[in-house]
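S.K.: quick one: sequence and predicted model below, then my questions.
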Amino acid sequence: MAFLKLSLCLFLLVLHCVQGRRTYHSDDEEDSLFEGLNGYRQSLNLPNFTDNNNAACLAEKIADQLQDQPCENAYDYSSTPGTKPNFTNIDKLLDKCDINENNTIDGVILPVCVPKLDTILVLSNYTNSLYAKYLNDSSYSGAGIGSEDDWMVVILSTNTSTGSFSGAASLLANISMGNYMVAFLFGLLIVSVS
């Protein structure tokens, strides 16, 4: 019986760890761009971007919204620090990603549209455009990337409360019910074995 309880506990612990792992980079294009952006930053002696889960969620949602838009309108959907993105439903997208709007003020949203998301062209659209000034700015420390069809969206975040793309809801999500459940089951196992 103790072996069964230990096996169940280990299974739940492994399941919890697997569920807790980031699923941020789901596409090769996103991986390549993230690596390329960090390589670009390294060439400028700037620190690498860290993955920002909430920003990645929002970037993915925005890319989904843009998939049917013509490429000529790419810059219309970008945002600069202190401006709200040009989406009618941005508040819903922020809620879906557990982001407090006040925590997006210093961040930037940088969409590009490149046919078939050619890796070299996508990176070039960020490093050789108006967007490069944001990549060159050391105050941006995190990045979230999303893509859909020909659209790639990069969201840059800061370490400040007004640019972190976090929110009270996201803090609760990080201390998810799964963490409590694993702790509870582990406690039950220890109590029942004793």
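M.R.: Yep, it's here. Residues are numbered from 1 along each chain as shown.
S.K.: quick one: residues contacting the closest residue to Ala59 other than its chain neighbours.
M.R.: Closest residue to Ala59 apart from its sequence neighbours, by C-beta to C-beta, 6 or more residues apart in numbering: Gly146 at 3.3 Å. To be clear about C-beta, it is placed using only N, CA and C from the backbone, and glycine gets the same treatment. Neighbouring residues of Gly146 by C-beta atoms under 8 Å, 6 or more residues apart in numbering: 30, 56-64, 152-153.
S.K.: okay if I get these as a markdown table plus distance to Ser161 and secondary structure?
M.R.: Output for these, formatted as a markdown table (distance: C-beta to C-beta, whole Å; DSSP: H, G, I helix; E, B strand; the rest coil):
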| residue | distance to Ser161 | secondary structure |
| --- | --- | --- |
| Glu30 | 26 | helix |
| Ala56 | 19 | helix |
| Cys57 | 18 | helix |
| Leu58 | 17 | helix |
| Ala59 | 20 | helix |
| Glu60 | 23 | helix |
| Lys61 | 22 | helix |
| Ile62 | 22 | helix |
| Ala63 | 26 | helix |
| Asp64 | 27 | helix |
| Met152 | 27 | strand |
| Val153 | 23 | strand |
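S.K.: pull the most distant pair out of the residues you listed.
M.R.: Spatially, the most separated pair among the contacts of Gly146 is Cys57 and Met152, at 15.3 Å (C-beta to C-beta).
S.K.: more crowded one of the two?
M.R.: Applying other C-beta atoms under 10 Å to Cys57 and Met152 shows that Met152 carries more neighbours, namely 28 against 22.
S.K.: look up how far Asp31 lies from the more buried one.
M.R.: Distance, Met152 to Asp31, by C-beta to C-beta, to the nearest Å: 12 Å.
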